[in-house]
Every structure is written in structure tokens, then in C-alpha cells.
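Visitor: Here is my input; please provide its structure:
(chains A and B)
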Amino acid sequence: MSTADRLVDYDELLTRYEPVIGLETHVELGTASKMFCGCSTTFGAEPNTQTCPVCLGMPGSLPVANAAAVESTIQIGLALGCSIASWSRFARKNYFYPDIPKGYQTSQFDEPLCVDGHLDVEVDGKTYRVEVERVHLEEDTGKNLHVGGATGRIHGADHSLVDFNRAGIPLVEIVTRPVPGAGALAPEVARAYVTELREIVQALGASDVRMEQGSLRCDVNISLNPTGATELGTRTETKNVNSLRSVERAVRFEMRRQAAVLDEGGRVVQETRHFHEDTGTTSSGRSKEEATDYRYFPEPDLVPLAPDADWIETLRAGLPELPAARRARLQEEWGISGTEMTWLANAGALGLVEQTVAAGAAPGDARKWWLGDLARRANDTAVELAELAVTPVQVAQLCGLVSAGTINDKLARQVLDGVLAGQGDPAQVVEAQGLAVMGESDELVAAVEAAIAGAPDVIAKVQSGKVAALGALVGAVMKTTRGKADAPTVKRMLEERVLGS
Amino acid sequence: MGSDLTTTDVAGLSRLLSAGEVSAVEVTRAHLDRIAAEDGALGAYLHVEAEAALAGATAIDEARARGDELGPLAGVPVALKDLVVTEGVPTTSGSRILEGWRPPYSATLATRLAEAGTVLLGKTNMDEFAMGSSTENSAYQVTRNPWDRDRIPGGSSGGSSAAVAGHLAPWSIGTDTGGSIRQPAAVTGLVGHKPTYGSVSRYGLIAFSSSLDQAGPMARTVLDAALMHEVIGGHDPRDSTSIDSPLTGLADAARAGAAGDLRGVRVGVVRELGGDGHTEGYEDGVLARTREAVELLAGLGAEVVEVSCPSFDLALPAYYLIAPSEASSNLSRYEGVRFGLRVGDDGSHDLDEVMALTREQGFGPEVKRRIILGTYALSSGLYDAYYAQAQKVRTLITRDFTAAFTGVDVLVSPTTPTVAFPIGSRVEDPIAMYAADLCTLPASLAGLPAISVPSGLSEGLPVGFQVMAPALADDRCYRVAAALEAAQDAARGHRLLDELPA
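Guide: Numbering: from 1, shown residues only, chains lettered A, B, ... in the order given. Sure, this is the predicted structure:
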């Protein structure tokens, strides 16, 4: 990789250049079987165990299109406000590479399933409209594994292996038109677009959209043009952008690198570049200027897709509430600010909070637990919030125990530990560990009286008017009862005995 | 007994087997014996499954002895063109690039034939990847015409035609992209039918040109061809271009035709295929046999008219853009990574070089010629002028057919302009070789059914007569062909194949 790239300061480049971004996003659909055969799509299986003559491109084998994948693609198109083609065809994209079994990828070319949509994203309170040029359906490639080198890359490798488990998994490609006008916020707009797209696909249930597993992959196109110019500059296409943060970083880096090239009177090379997660930089891949001629032509092995209008309307009617509408509704219902809503959404807590509220918790309590303790625990153990071993229903039960006074916040954290450790529902943990707050039990009376007896100096201070000194005794009682007592109760009992007599 | 069994048609074998008059093992052994004796000279087979065939025949006989319910074709041997994928049985498509490949699965039609109880004798020679009209483009061997061993057996299904005409199989599977069933059937005195595109599953047929390829029967009689079509045809969910509608009674149509009454059938003679002003390249003998066949049909009550299909003149150039274009893509999978030949993987060549060396050494000259032609025709900037234009011509040809079929039930022509030509005579002249498909290309481009049935001899060699019908009206082909066959057999007192020189 080129460590020698000169970079222009970000704020400085914005005085001379305007960025134009474009995104090509690939979503691996969550269908049970592959795009053109019946093989399983489960992630992480032993290499080449989820293959058959069709996805291995064996001579004589033929594809049959997966109806569920076509349906998901149309749903994504509808959610993005696209027109759905009444006539659409697959096309062959011909090129040689070991990870494409047939010597061509079955894709779509000039007759995609969905065209002309858009996605509005909000950054810093401002809405940016990202125009979607097309949404089409294709098949994924296999994966090359380069063995024997230090980097896992092809250079220096001793030999290469190919795993075809991924070959033929349905892949939806969503291509935007060039997005001008984002200016300094171009990196954030790019990120917000991918984030929102991810939310939409998730809401549709079309894919698990996990960037780290590659079920959502992003290629970022960036060009700069001198401020005020009308023609687009030469763009680069950065691949391997495998997290939302990387989307932002990749745009920022390419803007700074291209500005340096242009400042020196150079020419940006139209090429594919690779993003490096570790350094946040990009490096040159193959040049597109000597582009492969893919010799696209309509796939003769598949009949054209002609989704009928009634079916499309049925799918449109069946679309779930989309993320933006849902956020607006919940913000209103919960009476929270846009900023708070953004936090919830960014933390991936929206659905969890919603379900917790649905299970009976007050919205404020639900937000407090998910964004507070639970977010911290997820962060500490490096898992997604949703992967924690606690359900929204359990969180609602916890909130219920607190508001009923059965436990206090401190005990509630202990109860949560128990729930996360698999000890059952909150009520079961309270029962099993005896964590309920003590009423005015004999045990508590004894503890209070012991505290009074044990601290005559404090009593004297309190009785001389320094009532605040009672706080030390509250602490002592809480300590002897290992936090199970209710602090206000303890305070009242102490006051009755020390001041009231 | 042996020679009788190898000259008996399938309908006859079926009767003998069902009645228990002969065993499947006897029938199979008779054919294997004849293959052993004759195929050294004929070169019809690339691979013979002798042991498996006898084992399969034994299993049929045992099942019959047990009283199991068996289909009428149980125990009838069959030969498959070597592009039909057969699990565990070598499948080369006539190419070095697949030498030694033993497929992990079977083609739908191979499975259907096996389920009907037929016994696989072996795999027949062919032009490499079905590209050719003489079987001389096979990477492995020359196949000779049983009528004259210095002549070609037609192509690309030349191994299948030679095997059946030479009595090394009672029938066989061929495939037809531009005429590769009909032309070899014509020049060897057989019946060959190219079904409606989508009538027979292409799953497991090594592709040449996907929008044109169609498998079909090659047999000694029209009835046998129809019987095989009924076994292999019908919807297959593994082929999305397969037509989801039942086959109309094909064998019944053949039987009805043989009764000899063609009253009410309107026959259109295509002017552009050997008619007035379009006789260049056609042999006089071929035109004479065609005229006689038409007269015979008229004598059986058919109403005969001449029909003009002007765009048929464009079929050859359109075909030689579409078929190579699809082939250039279909053949991309042969790069040495997953199966078949791999050349140069010795540590001194990079991936691109290994792929290039594999293809350079694995493909023969005609295959390379067509890959280059197709790659060129699909390249950006030329696509509209070549591939897209050829597709428009295809539409024009389809329209000519549609218009013609408003006035007639079937269209007829010679199957191929000449009788079998001498081996080697057209090898250096691809254009002359391509001309052998002149009459068969229009039905291929339009996806329509077309049959070739013998119409007699010219200079001692068989001439084929083609009957074309609208899509899914394959039964009309069988009916008219069977009528012609029955009338001719009756007139000469024996089958044409009986005149085959010993």
C-alpha cells in the first residue's frame, strides 16, 4: 500500500474543492437457499460443503431463479421509492476469475428490477436526498483464500484456495446517482445513507445486513471538482469498506488524497482502490481505465422476470413501517428530542426500547437501562446490544420491580447480573438471592438500633443540630444490610429514633 | 438371433422384451457384440459402458422375473451423445478440455431414460462442443457414415447417427442447435426430431448455444422417435426455459400418420429452401427426392402450396452471430480451475497464463474460431451491430413462420442441400461446412419443432426431408413424417435402412 500519499488538510481542501459521492451497496439476502440453486446459505460452514453442480458451474448445469430473492429485491426497491420494472432480465457479466465458477456472473445490466428511487438522510438536522439509480439482483462470487503469504493477500502467497459456499448467494446491488452538495459533511452523509439503508433492509427482514460478515458491503465512489465547476471530477471506487465508520473514513481519506493530487496539477486516476481498516487509508487496485469489456448480454438460461402489477401492489401494501416513519412516531410517542432519538438509533437500541415499552415499562426507564447499564455491558464485552442475554420483557420486569419498590436501582443492577448470568427472570433472581428491599423488619430495626448504639458521637452531632451527619448512619445501615434496605426508609427510621424521641 | 436384435426397431424390441421372448441381457449383448466388431471401423462411440450395460440389463431381467411392473421400454439399449452429462460416466462433449471428467450428476433426460428402464450402451462421438456438421471436429476420432465409410455421418451428432444407422444402437439421443439432429439423421437414412425449444429439458446437456440447444431422438422409425420424445420430454423444474405443459400424444400422432390419410393437412413448401430461384448449392438428387416426397404427401390427401419466407435467407449469418456469442460465454467455465484439463500449473505460470494455456491446448480450432467470433460480436461498441442485429433477424424469421402458419399446418423442405460429403472435403472451408445447415437453421432460430425423415437415395446415399411445425405442435411433425415413411416403405416393399450396404 502507498504510505507515501500526500494528504491535504480537510478544512483546507473544502475551500477549493467540492466532493461528489456515490455509493454501490451490496446486500446478501437472507434467503434460505442460493439465487439459482437449492444450496444452503448459512454463514460459516466448512469450505465447499454448500455447493452443487449449479453453483459450481459444472458443465450442463442450469440456473433457476429464487422467487424469494426476487420478492426481497422488489421490496427493497419499493422501500426506496423505486419504480418496479414490468419486464426485467438477467444478464451475463463475462470475465475470468477463479471465484466465479461459470466464467461469468449472472447479474442484471440494462433491464434491472427497480429504478429511480431515493433515500432521505438526516445529518446535523439537515436532510439530504440521495437519489437511487437502480436496484438489481445478482449472484455473489466465491471467496479466494491465499495461503502461505504473510498478509493473506495474493502477493507473496504460496497457493490459493477457493471456497464456493458463498458463490450464488443472492446479492442485491443498490446504486446511487452521484450525490453533490454535501460539502464538508460528505463523509457523514455517506455514512448516514448506508446506516439508513441498513435499517431499511433490516426492517424488511431481507437480510441480517452484518457488515463484519460481509452481508452488507459498500463501494464508495468519490470525486472532487473545483468549487463552482459544473463537470464532475474523475472518481475513484473504494472497495472493502466493511463498517459504517469505515465508510466515513474512506470518504474523508480519498477527499484528502485526491485534493493533494489535484493541487499538484496531477490527474486522479479512475481506478478501484482498497480501504485499509487498520490505517484508514486507501491503496490502488486495478485500473478501470483499461476496463475489462464484460460483454454483457441477456442471460439465455433464464426466462425474463415480469412481475405483475397486482403482485407489486400486494408487496407494497405489505411493507412494514419503515425506519424513518417509525422514528418519527416513537419520538412523538415518547416525547423525546431528535438528538435523543439519534442516540437511540445509533446505539441500535430503538427496537429494544420499543419492545421494552410494549412489555409495560415507562419509555424513560426503558431508555435509561438500554442506553445506560446495558449499553456499557455490551460495550465491555464487545457484543451488539441485541445480543446481550437479556430480553426486552425482562428489562420491563426489572423496571416494574423498581417502580413497585421491591428493589432499588442498586439492587436492580445486581438482579441484572443474575439475569445476564442465566439465572432466570428478574423476579426469580430477586427470590433466589434474597435481593428484595427490606421493609421495617426486625432485622432492619436491629440494624438501625445497632448503628445508633455504635456511634454516640454521631448521635450527639445530630442532636446538636447537624442533622446531615445522619447520612453516615444511613450508610452504615445500608452496609450491614448489604444494600437490601431502602435508603429513604432507613433515614426515616433513624430520624424517628434520634430526633423524634 | 444377434443380428436380428440389432436391426429390430425399438417398437419391435419393446414387444419382444415385454412378451419375454428375448431378455434384456440378450438384446444388450447383441449390441455390445456388434459394437466390438464394427466400431473400430465406424468410430461411433467415444466410450462404451459394457459392464454397466450388462449389469443394468440383468437387473431388468431379474425385475421382470420377479413380476415387477416394468415400462414398455425396459431393457431397450440406448446411446447418448457425449454432451449428455452422465454421473460417473466419462462425458467430454468431444473436447480434450473435458478429457477424463466423470460428472457428479446426471442430465434430466439421462435420468428419465434410466427410469424408463433403458440400458445405456455408451457415449457417442460428436463435433467438439457440438460445433460442426461432420463430426470431424471431434478432438478424439473420425466417425464414418455406415452408407459409405469415406463419407461423413453428419454432425454434430455424427456418433449418434452412425451408431443407429450402423446398428450399434437401436436409437440414440442427439442434440440440435442449428441442425445437429436433423442433418446427421438425413445423411444416414434416419429419423431425427428437434423438439420445440423447451420441450426437452436442457439440464445436464453441455451447452453450446443456450437459446438454441435442444435434445431429441434419433431413430430408425418415426414411431421410435416419438416414443423416445415422450420419455425425455415434459417439464423440468431444473430448466427455467422448460415448457410447463404436457406433451401431446406424439406416438399416437406417429401411428395416426402411418395410417396414410393426410386429408385436411395443409403443407407449405418453403420456396427459400431449395425452391425456384433458391437452388444454388442444392444437389439435383436432393431436390428430386424432395419433389417426390411432396407429391407423395399430396397423393395422401394433403393440400400443398408454395410459401415464401424471405427472411430465411438471413438465417445463416444471424445464426453464426448468435450461436458463437452464447458459446463464447458458455465455454468460459473451462479454465482448468474446477474440472477437466489444466495446463501449465507447474509454479512457473501465473493464474492467467494457466487459464490461457489450458484453453489454448484444450480447445480445437473450430471452437476457438467461434469463441473469437462470439467474443467479438458481444464486445461493447459492436454489440448493437452484430448480436442485437442478429436477434432482430431472429424476430423476422419467427414472423415469417407465424405468417406462414396462418395458411398451412406444416412447412417442408430438404433437410440439408446435399447428401453426405466425403470426409475431409470441407474441413478447410468453414463456410461450405456451415452451408450444410442452411435448411435447418430457420426452425432452430424460431425455436420450432422440425423432423427429418428419409425421402430416398441419391447416388446411393440417403436424402432427408424436413417437416417443420408451430411451437408445441411436434405431433404434426410426427404425423406427416410417419405418413411419408409408411407410404415410401410400402412403395419400395422394405425400409430404406434395409438397403444399407452390408
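Visitor: C-alpha from now on. contacts and neighbour counts both.
Guide: Fine.
Visitor: Tell me where the stretch 251-400 of chain B has helices.
Guide: Counting by DSSP state H, counting those that start in this stretch, the stretch 251-400 of chain B has helices at residues B:284-299, B:315-330, B:351-362, B:365-378, B:389-404.
Visitor: Could you pull up the contacting residues of A:Leu315?
Guide: Contacts for A:Leu315 (CA atoms under 8 Å, 6 or more residues apart in numbering or on different chains) come out as A:Ile74, A:Gln75.
Visitor: For chain B, see how far away it is.
Guide: In this view, A:Leu315 and chain B are 24 Å apart by CA to the nearest CA, to the nearest Å.
Visitor: for that residue, helix, strand, or coil?
Guide: helix (DSSP: H, G, I helix; E, B strand; the rest coil).
Visitor: ok, now the one 5 residues further on?
Guide: Classification of A:Pro320 by three-state DSSP places it in coil.
Visitor: Wait, it touches A:Val201, no?
Guide: No: judged on CA atoms under 8 Å, A:Pro320 makes no contact with A:Val201 at a distance of 10.7 Å.
Visitor: what about those two, which has more around it?
Guide: A:Val201 (23 against 15; other CA atoms under 10 Å in any protein chain shown).
Visitor: Against which helices or strands is the helix or strand encompassing the more buried one packed?
Guide: Using DSSP states H and E, A:Val201 sits in helix A:186-204. Applying 3 or more CA pairs under 8 Å, 6 or more residues apart in numbering or on different chains; DSSP states H and E, we find helix A:186-204 packed against strand A:17-28, helix A:67-79, strand A:114-123, helix A:244-263, helix A:323-334.
Visitor: Go through those and name the closest to chain B.
Guide: For chain B, the closest of these is helix A:67-79, at 12.1 Å, according to CA to the nearest CA.
Visitor: Following element in sequence after that closest one, please.
Guide: strand A:83-84.
Visitor: what sits up against that following strand?
Guide: For strand A:83-84, contacts defined as CA under 8 Å, 6+ apart pick out A:Ile74, A:Gly77, A:Leu78, A:Leu113, A:Cys114, A:Val115, A:Asp116, A:Gly117, A:Ile312.
Visitor: Just name the closest of those residues to B:Leu113, please.
Guide: When the contacts of strand A:83-84 are compared for distance to B:Leu113 (CA to CA), A:Leu113 wins out at 38.8 Å.
Visitor: who touches the helix or strand following the helix holding A:Val201?
Guide: Sequence order places strand A:216-226 as the next helix or strand after helix A:186-204, per DSSP H and E. Strand A:216-226 has contacts (CA under 8 Å, 6+ apart) with A:16-28, A:198, A:209-211, A:231-242, A:247, A:250-251, A:254-255, A:258-259.
Visitor: mind redoing it with 7 Å?
Guide: Residues outside strand A:216-226 that contact it (CA atoms under 7 Å, 6 or more residues apart in numbering or on different chains): A:16-28, A:209-211, A:232-242, A:251, A:254-255.
Visitor: will you turn the contacts of strand A:83-84 into TSV that also has neighbour count and distance to B:Ala435?
Guide: Output for the contacts of strand A:83-84, formatted as TSV (neighbours: other CA atoms under 10 Å in any protein chain shown; distance: CA to CA, whole Å):
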residue	neighbour count	distance to B:Ala435
A:Ile74	26	47
A:Gly77	26	49
A:Leu78	22	52
A:Leu113	27	41
A:Cys114	27	44
A:Val115	22	45
A:Asp116	17	48
A:Gly117	22	51
A:Ile312	18	49
